[in-house]
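K.L.:
Everything below, folded, please.
(2 chains, ligands or ions: 4)
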Amino acid sequence: TKTREGFVAQVENLFSKFSTIDDELYEELEEILIQADVGVHTTMKLVDNLRDKAKEEKIKEPKELTKLFQDQLTEILTKGTKEEDDDQPTILMVVGVNGAGKTTTIGKIAQRTKEAGMEVLLGAGDTFRAAAIDQLKVWSSRVGVDIIAHQEGSDAAAVAYDAVQAAKSREVDLLIVDTAGRLHTQSNLMEELKKVKRVIKREADNMAVEVLLVLDATTGQNAISQAKLFNDAVDVDGIALTKLDGTAKGGVVVAIKEELGIPIKLIGVGESAEDLQDFEPESFIEALFEGGFEEE
Amino acid sequence: MIFEGLADKLQNAFDKLKGKGKLSEKDVKTALREVKLALLEADVNFKVVKKFVKKIEERAVGHEVLDSLTPAQQVIKVVNEELTDLMGGSQSKIAFASNPPTVIMMAGLQGAGKTTTVGKLAKLLKKQGKNPLLVAGDIYRPAAIKQLQVLGERVDQPVFSMGDKQDPVDIAKAAISNAESNGHDVVIIDTAGRLHIDEELMDELKNVKKAVKPHEILLVVDSMTGQDAVNVAQSFDEALGIDGVVLTKLDGDARGGAALSISSVTGKAIKFGGFGEKLDDLKPFHPDRMASRILGMGDVLTLIEKA
Ligand SMILES: Nc1nc2c(ncn2[C@@H]2O[C@H](COP(=O)(O)OP(=O)(O)OP(=O)(O)O)[C@@H](O)[C@H]2O)c(=O)[nH]1
Ligand SMILES: Nc1nc2c(ncn2[C@@H]2O[C@H](COP(=O)(O)OP(=O)(O)OP(=O)(O)O)[C@@H](O)[C@H]2O)c(=O)[nH]1
Ligand SMILES: [Mg+2]
Ligand SMILES: [Mg+2]
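P.N.:
Ligands and ions are numbered 1, 2, ... in the order given. Now for the predicted structure:
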């Protein structure tokens, strides 16, 4: 495929500067990964692995390292991801820190699900932030799907309850529940989130319940802490990585996948309804290296 | 709390040095490697770290340090000096215009906290006896105007809006006249979030700047930002010439390396810190106290003065 060639070209380009595999090459690789927000810890681990493997397989040519490294990264990003059952009606609860892109991502998911001919309903579970309900309402009319909403300041769990009942009686394919942004360290707000999930689970009946964590690609190592604590609280099923249309690489999700095993499912590449894509490890990895070997 | 994790790591590195009587060049290098890793783990930009550590190394393996009677203290002193240098000068305040209204404009990436900061700043300035006018200059984000109106109601200050069909430049101009005729001594302009590489929208900001000549352009940055913080800060600064930075979401557990990176590449001071979603959660920031805070030497509470 095109992206595979692209990736090979990128990494080959990196390695072609070197005629032998030496410390300098590995160091350069480390620098690129760290600058893509992969993080010191995971970067060292990846590069140490590569070193060992290269030795084991008696690799002498820098170019041969390309495939080895690509495989290693792809394996981390794809390991343990399972096929999904698209037919079962689902409740998707969307969580994340403030301003990550939750509400926008909900609008985008609603758009693509509706386009696929399915019935979608939104639940305005952010009853806290100023005009958060209005924001989701704009998305609901933009996409043309219904929304269940209460007043600002009302109980988020009560909104979730009503939304689930409506989803069941209307037999929709997908209910997406928005939640207020919260920092993962705010234990009272994390408790509130657990309560919302409990209510959804309890009322879900035959609907599947999934939790999507929205991460901003501009975020650095703090995203690991976010993923850990949201996962502890509400068991995250997948990640949507937003704002990849900027210059940030979002490399921290490699560390998150490695450490916590949470798969990345979707990426956000803009502010419009159509700016949502499925996560593809190869193009993501390719982008990690883009611009990584400019001479200084 | 910001810098906590970073301070712990640096302390560790220095404690190992302190345990030794005389230091060898190797001791210093080992400690500096730990300093380097701690900074990187705190999201300080890679290039900034590299330059920083190199500078310290040059000074720390010299006679000034190795021959001194208390070499470990000397190393810490050097780090402290370089860190202070990196952070830039003392706390700088909003520059109020001698001929009001003082015009303040927010800028920054999507979701950084601009609109919330407009509300918070209005509240802070109101407490200081000012009468700010809030301006709804984000015509793109769904319900952005409503969001600002809700915040305006909460601080009980008017919000100037022309809906989402007018050009932000015209909105800003009209807002100034409105402020002049209604006795507002401060105008705070909210703007839409935008990517620093979005030329069209960056031009829009330049045009707003040209039209109303803000006294303060504040770049609002999420404290959880990673390596990209330097690109963002540099681009906004080059396009607009920012006057200061507001660092938001400091109530989490971010290690705050972005603060160091931004100061280092723009030389602009961090003027305010956002510590929560409520309108009271904005505090003046003291960059000069950050260095000692990062090194775990300063009084935690003095970094952020009680408002
Ligand atoms: N460039 C870009 N901007 C995005 C993307 N996703 C979201 N945004 C923008 O990011 C900002 C915040 O998005 P929201 O959807 O309001 O984020 P949120 O997580 O719901 O925020 P809170 O509810 O306040 O916690 C908005 O300006 C969005 O338009 C993306 O993929 N790319
Ligand atoms: N915890 C915390 N949340 C904050 C802080 N500042 C802003 N927020 C939240 O961050 C989210 C985004 O804030 P906004 O003010 O909408 O950000 P913005 O930069 O105006 O976003 P756009 O207009 O979409 O670009 C909201 O949920 C705010 O409540 C802060 O200091 N701490
Ligand atoms: Mg939201
Ligand atoms: Mg805004």
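
K.L.:
show me what contacts A:Lys228?
P.N.:
By C-beta atoms under 8 Å, 6 or more residues apart in numbering or on different chains, A:Lys228 lies in contact with A:His184, A:Leu260. Just so you know, the C-beta spots here come from the backbone N, C-alpha and C atoms, and that holds for glycine as well.

K.L.:
Specify the local secondary structure of it.
P.N.:
helix (DSSP: H, G, I helix; E, B strand; the rest coil).

K.L.:
Name the residues of stretch B:264-274 that are buried.
P.N.:
Residues of stretch B:264-274 classed as buried under the neighbour-count rule (16 or more other C-beta atoms under 10 Å in any protein chain shown) are B:Ser264, B:Val265, B:Thr266, B:Lys268, B:Ala269, B:Ile270, B:Lys271, B:Phe272, B:Gly273, B:Gly274.

K.L.:
any residue of that stretch up close to ligand 2?
P.N.:
Yes. On the criterion C-beta under 6 Å from any ligand atom, stretch B:264-274 is in touch with ligand 2 at B:Gly274.

K.L.:
measure that stretch end to end?
P.N.:
In stretch B:264-274, first residue to last residue: 20 Å (C-alpha to C-alpha, to the nearest Å).

K.L.:
Can you tell me which of the buried residues of stretch B:264-274 are also in contact with ligand 1?
P.N.:
Within those, nothing lies near ligand 1 by C-beta under 6 Å from any ligand atom.

K.L.:
Isn't A:Arg142 up against A:Ala273?
P.N.:
Yes. With contact defined as C-beta atoms under 8 Å, A:Arg142 reaches A:Ala273; the gap is 6.5 Å.

K.L.:
Mind checking which of the buried residues of stretch B:264-274 are in helices?
P.N.:
Here DSSP state H is the test, and these give B:Ser264, B:Val265, B:Thr266 as lying in helices.

K.L.:
Up against chain B, what does the stretch 151-296 of chain A have?
P.N.:
A:152, A:183-186, A:216, A:218-223, A:225, A:243, A:245-249, A:252, A:271 (C-beta under 8 Å from any C-beta of the partner chain).

K.L.:
Kindly tell me how buried B:Glu200 is, as a neighbour count.
P.N.:
Counted with other C-beta atoms under 10 Å in any protein chain shown, residues neighbouring B:Glu200 total 7.

K.L.:
Let me see the ranges of the strands in the stretch 51-200 of chain A.
P.N.:
A:90-95, A:120-123, A:146-148, A:174-177 (DSSP state E, counting those that start in this stretch).

K.L.:
Columns distance to A:Phe69 on top of the ones you listed, output as TSV?
P.N.:
Shown next, in TSV, are the strands of the stretch 51-200 of chain A (distance: least, C-beta to C-beta, whole Å):
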stretch	distance to A:Phe69
strand A:90-95	33
strand A:120-123	40
strand A:146-148	46
strand A:174-177	37
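
K.L.:
For A:Ala204, find the nearest of these.
P.N.:
In terms of C-beta to C-beta, the element of those nearest to A:Ala204 is strand A:90-95, at 5.8 Å.

K.L.:
What strands line up against the closest one, and which way round?
P.N.:
On the basis of DSSP bridges, the sheet neighbours of strand A:90-95 come out as strand A:174-177 (parallel), strand A:208-216 (parallel).
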